[in-house]
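**Student:** Sharing a model that was predicted from the sequence below.
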Amino acid sequence: MNNIAKTPLPTIKRKIRFIINPFAGVGQKVSFAKSIAQLLDLQLFDYDVCYTEYPQHATQLAQQAVLDGYDIVAAVGGDGSINEVAKGLIGTDVVLAIIPAGSGNGLAMHLGIGRNAERAIQLLKECVVMKIDTGIVNGKPFINLAGTGFDAWIAYKTKLNKVRGLWAYVKHSMLETFSYQIQDYEITIDDRTINRACLVVEVANAPMFGYNFVVAPLAKLNDGLLEVILIKKAPKWRYLFSFWRFFNKSVHQSSLTERYTAKKVSIKKSNAALSLHLDGEGFLVSNNLEFSINELSLHILIPPAYSKK
């Protein structure tokens, strides 16, 4: 990532808006507003706090912050909340900050912010600004990961359940493992078209879901490329015996996996609707997905340690 300049925050006071998803995570009852007041360096930041009340409200609050001259907008939530806030900031000079308060916190973990919201608030004064790519699928942006197949189907099923978090995901994965029908896809990667039966087709801007589950180890946030990971059809026992690869960053080395990089990706399935996840949020969509990369389109705060990678 040394080709991208990292800019320290100016020493003058910055205006920061915290957008809090009160429904993020597993049973979140902590008053984040109180934590912010106690832990934020008020010599460096002026701030306000907003709470989301309905889907896409975070995007509206972020867009209003841009209009009102804020320097930073902090998403307090999980990857889905980060997605909503970032949508209001893409293509602007306003900087995204991440305060992890979700169940998985994949992007926060990858960036080295971690899972501790209070530590992340304190870390804001040390962070530097980096420009990163964002992905687009059917006109909708994603910051971390998107894709179709088994993981998208589980994300959709989990979304319908009031219980969130790791155990909800594990529960639905176990329930669906033996009944899930592996799908046939027509996949166009830039100008090359292939046909594959896949358990998962992942299109990645960054490497990992939450809980240190790394699905695209070589994905980089600022290389101008999408990482495409195909997990091919196989006896289901082979997936179980290969599961460890997601935790030691070697899934791309498995014989079950094909890896590509691209600026554009098309995924088609003729016989039914596609499941889709966008930064961990599951949906059902039509039978055609069109992905592209929006290069260096978002400013984000990163810890100093990550900026040295």
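**Tutor:** Structure's in. What do you need?

**Student:** going forward, measure contacts and count neighbours with C-alpha atoms only.
**Tutor:** Will do.

**Student:** which parts of stretch 44-55 are buried?
**Tutor:** Buried residues in stretch 44-55, counted by 16 or more other CA atoms under 10 Å: Leu44, Phe45, Tyr47, Tyr51, Thr52.

**Student:** Out of those residues, list just those in strands.
**Tutor:** If you go by DSSP state E, these have Phe45, Tyr47, Tyr51 in strands.

**Student:** Distance to Asn144 and pLDDT added to the buried residues of stretch 44-55, as CSV?
**Tutor:** Formatted as CSV, the buried residues of stretch 44-55 follow (distance: CA to CA, whole Å; pLDDT from 0 to 100):
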residue, distance to Asn144, pLDDT
Leu44, 29, 94
Phe45, 27, 96
Tyr47, 26, 97
Tyr51, 23, 92
Thr52, 21, 92
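
**Student:** Would you map the helices across this structure?
**Tutor:** Per DSSP state H, the chain carries helices over the ranges 32-39, 57-67, 79-87, 106-111, 117-123, 150-159, 166-176, 236-241, 304-307.

**Student:** Nearest to Leu289 among these would be which one?
**Tutor:** Leu289 lies closest to helix 150-159 among the helices of the chain, at 13.0 Å (CA to CA).

**Student:** packing partners for that closest one?
**Tutor:** With contacts defined as 3 or more CA pairs under 8 Å, 6 or more residues apart in numbering; DSSP states H and E, helix 150-159 has these neighbours: helix 166-176, strand 192-204, strand 274-278, strand 281-285.

**Student:** deepest of the ones you listed, which one?
**Tutor:** Most buried of the helices and strands packed on helix 150-159, by mean neighbour count (mean count of other CA atoms under 10 Å): strand 274-278, with a mean of 24.

**Student:** quick one: average confidence on it?
**Tutor:** Mean pLDDT, strand 274-278: 93.

**Student:** starting at the chain centroid, how far to that strand?
**Tutor:** Per CA atoms, centre = their mean, to the nearest Å, the displacement of strand 274-278 from the mean C-alpha position of its chain is 13 Å.

**Student:** And for stretch 275-287?
**Tutor:** 13 Å.

**Student:** gap between the two ends of that stretch?
**Tutor:** Length of stretch 275-287, first residue to last, CA to CA, to the nearest Å: 9 Å.

**Student:** ok, residues contacting it?
**Tutor:** 79-80, 83, 142-149, 151-159, 209, 268-274 (CA atoms under 8 Å, 6 or more residues apart in numbering).

**Student:** just to revisit the earlier point, distance to Gln63 added to the helices and strands packed on helix 150-159, as a markdown table?
**Tutor:** Below are the helices and strands packed on helix 150-159 laid out as a markdown table (distance: least, CA to CA, whole Å):
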| stretch | distance to Gln63 |
| --- | --- |
| helix 166-176 | 31 |
| strand 192-204 | 25 |
| strand 274-278 | 20 |
| strand 281-285 | 21 |
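
**Student:** what about the ones you listed, which gets the closest to Leu111?
**Tutor:** Of the helices and strands packed on helix 150-159, nearest to Leu111 by CA to CA is strand 192-204, at 14.9 Å.
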